[in-house]
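J.: Got a predicted structure plus its sequence, pasted below:
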Amino acid sequence: MGKASAALQASVALAKKGNVERHFKMLHSKTDTDFPLKSNLRKQKVQQLKHMLLTQQKMFTRPAEKNIATTVASYRVSQVIARRKKPFEDAMFVRMVFSDFEVKEELVKIIPLKGHTRGEDIYSKVKEYLISENIQIQKLVSITTDGAPAFTGRTNGFLALCRKDSSFPKFFSYHCIIHQQALCAKFLNMNDVIKTVIKIAHSLQRRLFRELIEELELQHGELPFHTEVRWLSKGKVLYRFNQLLPAILTFLKERNEETFVGILEDSNWLQDFAFLVDITEKLNDLNLKLQGKDKHILEMISEVKAFSEKLTLWEKNVMRGELKHFPTLNKQIETAEIPYERERFFNIITSLKEEFEKRFSDFKRIELVCQFVLFPLSNINVEESVADPINLWPVVPNEKYPHLISVAQQVKAFFPSTYLCESTFSSMNFIKNKYRTRLTDDHLDSCIRHGVTNYSPDFKKIVDESECQVSH
């Protein structure tokens, strides 16, 4: 049996009726006189004594408020560190559409692949995880990949094995739109110009060249380094190289680099270079529009389609010599002593347009459906009632249009690109650095999840459910 505590004095006794009566008569006999029953004075005294008792008990039964605040702060600091990926395979993201059409994009799992990374290896690991977590695979509507052979192989690729599996529903699959666009950019067939620019950029002695830049008081600074495959980095190098071209030529002449000087004074090479600067800038603009989270597939298809239509316009402009969309080339033509190679640039743009049409032909199958979902009332003026047409779907009665709502939810669930996976792998490479003394698969998964998730923990609830230690 617990002990009873006397509020009027700091004494305790076993909680028996006789003990409590004897204690009250011996030590508090005047209480009823000094504090009459049902009086405000008695109520105030009881509240005062109760408050004093609770204050004393807090020292032993729960941590002080400062300790709680400190614990919450420590959780928040841990979250910030995880989000910054400070001193962690196949990543699987899911795009979920709920009954109210709210969309969530989250990392499902980082799946370690040890040994082989064949299609059957990826398939078996993914299937094993889906079964272990009891994930309802029948709700799957599409799979987006980076186009690697392990995913797209006709017989033993991941997608082929999923389609052979009866537990998988029929699903739509496609190659990431951003990857497709980047692959199109590689068909410019001007690698000789790019390689020359990169070779010159890497040959510059950075310290000496920076001194020349400062002496000439140019605003662009030094050249950025180019990394292979990434067209954004190529575009940046080409743009900066063009801005610094006079300074680079001066520097190379001072260093007696006759081979490079001869190239940079060649009008034919400069004409190709100027065209490449302009076209890569346009491709980079498209690439940036396609990047980011929470992108709808039709938005990205529309961006690509608009770019293809621009290519048709640029074909005609280049052939007619109207170069307002190619300012760098136009400037070079005005100062060049050789004829303008209109047919060469026309053929390059034509090849680029054909590559776009070929690579994005698969999306024509779903384009009309996507248009209807995104703009269901495109022929009706609904600006006053609906700010965003796609927000109309949550108010459409499911009982009346169940099939339309189902299609709309499926289309909204399409992942248009592997952007989230790409950015997650960048985070993983940063986290898996040489300063990590120990990093298990589970630890890596947790670190990446904290770094890329949109959710934020309820720190107050975590602290309330924890047994915080009281400082002594």
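T.: Yes, it's here.
J.: Now for Met319: which residues touch it?
T.: Arg342, Glu343, Phe346 (Cβ atoms under 8 Å, 6 or more residues apart in numbering). C-beta here means a position set from N, CA and C on the backbone, and glycine is covered the same way.
J.: quick one: the closest residue to Phe414 other than its chain neighbours from Phe415, how far?
T.: Leaving aside its chain neighbours, Phe414 sits nearest to Ile297 (4.3 Å; criterion: Cβ to Cβ, 6 or more residues apart in numbering). From Ile297 across to Phe415, the span is 8 Å (Cβ to Cβ, to the nearest Å).
J.: More neighbours: which of the two?
T.: Between Ile297 and Phe415, counting by other Cβ atoms under 10 Å, Ile297 is the more crowded of the two (26 against 22).
J.: Give me the phi and psi angles of that one.
T.: phi -60, psi -40 (degrees, to the nearest 10).
J.: helices and strands of the protein: which one bottoms out on pLDDT?
T.: helix 206-216 (a mean of 50; mean pLDDT, DSSP states H and E).
J.: Next secondary structure element downstream of it?
T.: helix 231-243 (DSSP states H and E).
J.: Quick one: mean pLDDT over that following helix.
T.: Mean pLDDT, computed over helix 231-243, is 73.
J.: And that helix, what's buried?
T.: Trp231, Leu232, Lys234, Gly235, Lys236, Val237, Leu238, Tyr239, Arg240, Phe241, Asn242, Gln243 (16 or more other Cβ atoms under 10 Å).
J.: okay if I get those residues as a markdown table plus distance to Gly153?
T.: What follows is the buried residues of helix 231-243, written out as a markdown table (distance: Cβ to Cβ, whole Å):
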| residue | distance to Gly153 |
| --- | --- |
| Trp231 | 26 |
| Leu232 | 29 |
| Lys234 | 30 |
| Gly235 | 32 |
| Lys236 | 35 |
| Val237 | 35 |
| Leu238 | 36 |
| Tyr239 | 38 |
| Arg240 | 40 |
| Phe241 | 40 |
| Asn242 | 42 |
| Gln243 | 45 |
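J.: Out of these, which comes closest to Thr280?
T.: Closest approach between the buried residues of helix 231-243 and Thr280, by Cβ to Cβ: Gly235, at 4.2 Å.
J.: so that closest one sits right up against Glu281, yeah?
T.: Yes. Between Gly235 and Glu281 a contact is recorded at 6.0 Å, counting by Cβ atoms under 8 Å.
J.: wait, is Glu105 part of a strand?
T.: Yes. Assessed by DSSP: H, G, I helix; E, B strand; the rest coil, Glu105 belongs to a strand.
J.: OK, contacts around the closest residue to it other than its chain neighbours?
T.: Sequence neighbours aside, Arg95 is the residue nearest to Glu105 in space, at 5.0 Å (criterion: Cβ to Cβ, 6+ apart). With contacts defined as Cβ under 8 Å, 6+ apart, Arg95 is in contact with Val103, Lys104, Glu105, Ala413, Phe414, Phe415.
J.: And the strands in the stretch 1-150 of the chain?
T.: Under the criterion DSSP state E, counting those that start in this stretch, strands of the stretch 1-150 of the chain are mapped to 3-5, 12-14, 90-97, 103-111, 142-145.
J.: I'd like to know how far Met190 sits from Val197.
T.: In terms of Cβ to Cβ, Met190 sits 10 Å off from Val197.
J.: Which one's more surrounded, those two?
T.: The residue with more neighbours, out of Met190 and Val197, is Val197; 24 against 15, by other Cβ under 10 Å.
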